[in-house]
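Trainee: What follows is a predicted protein model with its sequence.
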Amino acid sequence: MKAIWNGKVIAESDQTIVIENNHYFPKDSIQQEFFKESSTHSTCPWKGEASYYSLEVDGATNTDAAWYYPEASHAAKSIEGYVAFWKGVEITE
(Lines give C-alpha, C1' and ligand atoms only; values in the text may rest on other atoms or scores of the structure.)
Protein backbone atom coordinates (compact mmCIF):
# COMPACT_ATOMS: atom_id res chain seq x y z
CA MET A 1 0.00 0.00 0.00
CA LYS A 2 1.09 3.57 -0.67
CA ALA A 3 0.05 6.86 0.89
CA ILE A 4 0.41 9.72 -1.60
CA TRP A 5 -0.02 13.44 -1.06
CA ASN A 6 0.93 16.37 -3.28
CA GLY A 7 2.42 13.97 -5.82
CA LYS A 8 4.83 12.26 -3.41
CA VAL A 9 4.76 8.80 -1.84
CA ILE A 10 4.87 9.61 1.86
CA ALA A 11 4.49 6.04 3.12
CA GLU A 12 4.71 2.58 1.59
CA SER A 13 4.26 -0.85 3.14
CA ASP A 14 2.90 -4.32 2.47
CA GLN A 15 2.18 -4.66 6.21
CA THR A 16 -0.60 -2.13 6.83
CA ILE A 17 -3.35 -2.94 9.30
CA VAL A 18 -6.90 -1.96 8.30
CA ILE A 19 -9.20 -0.74 11.07
CA GLU A 20 -12.44 1.17 10.44
CA ASN A 21 -11.54 1.48 6.72
CA ASN A 22 -8.21 3.18 7.50
CA HIS A 23 -4.86 1.69 6.54
CA TYR A 24 -2.41 2.05 9.42
CA PHE A 25 1.21 2.08 8.18
CA PRO A 26 4.15 0.88 10.31
CA LYS A 27 6.14 3.87 11.56
CA ASP A 28 9.28 2.69 9.76
CA SER A 29 7.40 2.84 6.43
CA ILE A 30 6.80 6.61 6.48
CA GLN A 31 9.11 9.13 4.81
CA GLN A 32 10.09 11.05 7.95
CA GLU A 33 11.19 14.18 6.06
CA PHE A 34 7.55 14.94 5.16
CA PHE A 35 6.16 14.59 8.71
CA LYS A 36 6.09 17.34 11.34
CA GLU A 37 4.79 16.74 14.87
CA SER A 38 1.56 18.58 15.65
CA SER A 39 0.25 19.67 19.05
CA THR A 40 -3.21 18.30 18.13
CA HIS A 41 -4.67 15.35 20.05
CA SER A 42 -8.00 13.57 19.96
CA THR A 43 -9.51 10.67 21.86
CA CYS A 44 -11.11 7.54 20.49
CA PRO A 45 -13.32 5.68 22.99
CA TRP A 46 -11.69 2.33 22.21
CA LYS A 47 -8.25 3.14 20.76
CA GLY A 48 -7.10 5.86 23.17
CA GLU A 49 -5.48 9.25 22.63
CA ALA A 50 -4.27 10.03 19.12
CA SER A 51 -1.40 12.33 18.22
CA TYR A 52 -1.08 14.02 14.83
CA TYR A 53 1.44 14.92 12.16
CA SER A 54 1.17 17.67 9.59
CA LEU A 55 2.58 16.91 6.15
CA GLU A 56 4.99 19.24 4.36
CA VAL A 57 5.68 18.37 0.73
CA ASP A 58 7.24 20.72 -1.84
CA GLY A 59 6.32 23.84 0.14
CA ALA A 60 2.69 22.79 0.75
CA THR A 61 1.33 21.92 4.21
CA ASN A 62 -1.54 19.56 5.06
CA THR A 63 -2.24 20.25 8.74
CA ASP A 64 -2.98 17.25 10.96
CA ALA A 65 -3.32 14.92 7.94
CA ALA A 66 -1.86 11.89 9.73
CA TRP A 67 -2.50 10.40 13.15
CA TYR A 68 -1.17 7.65 15.36
CA TYR A 69 -1.65 6.22 18.84
CA PRO A 70 1.63 6.45 20.79
CA GLU A 71 0.08 4.47 23.66
CA ALA A 72 -2.92 2.61 22.28
CA SER A 73 -5.47 1.00 24.56
CA HIS A 74 -5.31 -2.74 25.14
CA ALA A 75 -7.96 -3.29 22.43
CA ALA A 76 -5.87 -1.42 19.83
CA LYS A 77 -2.31 -2.51 20.73
CA SER A 78 -1.86 -3.93 17.21
CA ILE A 79 -1.77 -0.38 15.76
CA GLU A 80 0.28 1.31 18.47
CA GLY A 81 2.71 3.65 16.73
CA TYR A 82 1.24 2.94 13.29
CA VAL A 83 0.26 5.96 11.15
CA ALA A 84 -3.05 6.54 9.32
CA PHE A 85 -4.10 9.33 6.95
CA TRP A 86 -7.01 11.52 5.87
CA LYS A 87 -7.49 15.08 4.47
CA GLY A 88 -6.81 14.24 0.83
CA VAL A 89 -4.04 11.69 1.30
CA GLU A 90 -4.60 9.00 -1.34
CA ILE A 91 -4.19 5.38 -0.28
CA THR A 92 -3.51 3.05 -3.19
CA GLU A 93 -2.04 -0.36 -3.96
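Mentor: That came through, no problem. Computed from a predicted model, the values in this text were never measured in an experiment. Numbering: from 1, shown residues only.
Trainee: Can you list the buried residues in stretch 7-14?
Mentor: 10-11, 13 (16 or more other Cβ atoms under 10 Å). Every residue, glycine included, has its C-beta placed from N, CA and C.
Trainee: Among those, name the ones in strands.
Mentor: Counted as lying in strands by DSSP state E, out of those, are 10-11.
Trainee: excluding its backbone neighbours, what's nearest Thr63?
Mentor: Excluding its sequence neighbours, the residue lying closest to Thr63 (Cβ to Cβ, 6 or more residues apart in numbering) is Ser54, at 4.7 Å.
Trainee: which one of the buried residues of stretch 7-14 sits closest to Val83?
Mentor: Distance ranking of the buried residues of stretch 7-14 against Val83, using Cβ to Cβ, places Ala11 first at 6.6 Å.
Trainee: Report the beta-bridge partner residues of that closest one.
Mentor: Ala3, Ile30 (DSSP bridges).
Trainee: residues touching it, list them.
Mentor: Taking Cβ atoms under 8 Å, 6 or more residues apart in numbering, we find Ala11 in contact with 2-3, 25, 29-31, 83, 85.
Trainee: among these, which ones are buried?
Mentor: Going by neighbour count (16+ other Cβ under 10 Å), those have 2-3, 25, 29-30, 83, 85 buried.
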